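Chemist: Everything below, folded, please.
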Amino acid sequence: MTNQYVPPKVWVNNVSGGNKWANINSPESGARYERKLPVGEHALQLYSLGTPNGQKVTIMLEELLALGIKEAEYDAFLINIGEADQFSSGFVELNPNSKIPVLLDRSGDEPVNVFESASILVHLAEKFGHFLPKSGPERTQTFNWLFWAQGSAPFLGGGFGHFYAYADEKQEYPINRFAMEAKRQLDVLDKQLAKHPYVAGDQYTIADMAIWPWYGNLVLGKLYDAAEFLQVESYTHVVRWAKQIEARQGVQRGRIVNRSFGEEWEQLAERHCAEDIDQVLARKPK
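Modeler: Numbering: from 1, shown residues only. Model prediction:
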């Protein structure tokens, strides 16, 4: 192989070219410029983008609102990661890791910043007492699958998704490597869902909310345009579950919040009240 890459003794950052997703990365953390975050009127302030990781939290909030929990009202502000919004001083103050989503909970005596999507889901579940069993094996199973998602999804997103959909050129080895892992994960899910209606058992939980935006969107043909490539129709139990979750009101509403891409009717850059979502969904083709 004449073009084989030989790593140097010491790595040097020489990323260049027109790929904006590569060019915003850096080996250094921290703020790159000064900018305060906007603040709305509600106790819960969300700073996010409608990617799968962002959808987890907005789905959870909309599910809580669907239950009639008014205290779950929230403001959701768009963080455009392609424009490096996540490296502003205001965002880094709330999340030193500069990743979406991040939640600022101002409902107590002192504001609490919550980052990492799984941590936000647990925070909201325990705060409002829904979608997380309070004790017993069901609680453990929910955590098992919640943390499975946190460990597995990077292989689907940063691994398969990057090389299949976003890399400057298609490379056989990494695409094959991560396609194999994505299919193995789908098989794990399929076998679990063959035994249970929901991922963690008989109840709809934050585990479903964490997993659906990645694997549900994938098998429904809404992620990377890779459904045929990965033969997702063969995972019949995952497909059944994905359609079942998609039909929920909270999911239909939450998946469009902070979304700045896709069809016009599914884009809502900011959300400050229920009517914001209502107006967007009213444009959905019949």
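
Chemist: hey, let's count contacts and neighbours off CA atoms from now on
Modeler: Will do.

Chemist: And the strands in the stretch 51-200 of the chain?
Modeler: Per DSSP state E, counting those that start in this stretch, the stretch 51-200 of the chain has strands spanning 74-78, 102-105, 112-115. These are given in chain order.

Chemist: Export the ones you listed to a markdown table and append columns for mean pLDDT and distance to Ala165.
Modeler: Rendered in a markdown table, the data for these read as follows (pLDDT from 0 to 100; distance: least, CA to CA, whole Å):
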| stretch | mean pLDDT | distance to Ala165 |
| --- | --- | --- |
| strand 74-78 | 98 | 23 |
| strand 102-105 | 98 | 26 |
| strand 112-115 | 98 | 27 |
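
Chemist: Nearest approach to Pro8 belongs to which of those?
Modeler: Put simply, out of these the one that sits nearest Pro8 is strand 112-115, at 35.1 Å, with distance taken as CA to CA.

Chemist: Please compute how far that closest one lies from its chain's middle.
Modeler: 16 Å (CA atoms, centre = their mean, to the nearest Å).

Chemist: Flag every buried residue along that strand.
Modeler: If you call a residue buried by 16 or more other CA atoms under 10 Å, then strand 112-115 has these buried ones: Asn113, Val114, Phe115.

Chemist: next one: stretch 41-48
Modeler: In stretch 41-48, counting by 16+ other CA under 10 Å, buried: His42, Ala43, Leu44, Gln45, Leu46, Tyr47, Ser48.

Chemist: swap in stretch 182-193?
Modeler: Across stretch 182-193, burial judged by 16+ other CA under 10 Å covers Ala182, Lys183, Gln185, Leu186, Asp187, Leu189, Asp190, Gln192, Leu193.

Chemist: Show me what it is in contact with.
Modeler: Applying CA atoms under 8 Å, 6 or more residues apart in numbering, the external contacts of stretch 182-193 come out as Ser152, Phe155, Leu156, Phe160, Val199, Tyr215, Leu230, Tyr235, Thr236, His237, Val238, Trp241.

Chemist: let's see it at 6 Å
Modeler: For stretch 182-193, contacts defined as CA atoms under 6 Å, 6 or more residues apart in numbering pick out Leu156, Tyr235, His237, Val238.

Chemist: Look up the pLDDT of the second one for me, please.
Modeler: According to the predicted model, the pLDDT of Tyr235 comes to 98.

Chemist: quick one: contacts for it?
Modeler: Contacts were defined as CA under 6 Å, 6+ apart; by that measure Tyr235 touches Asp190.
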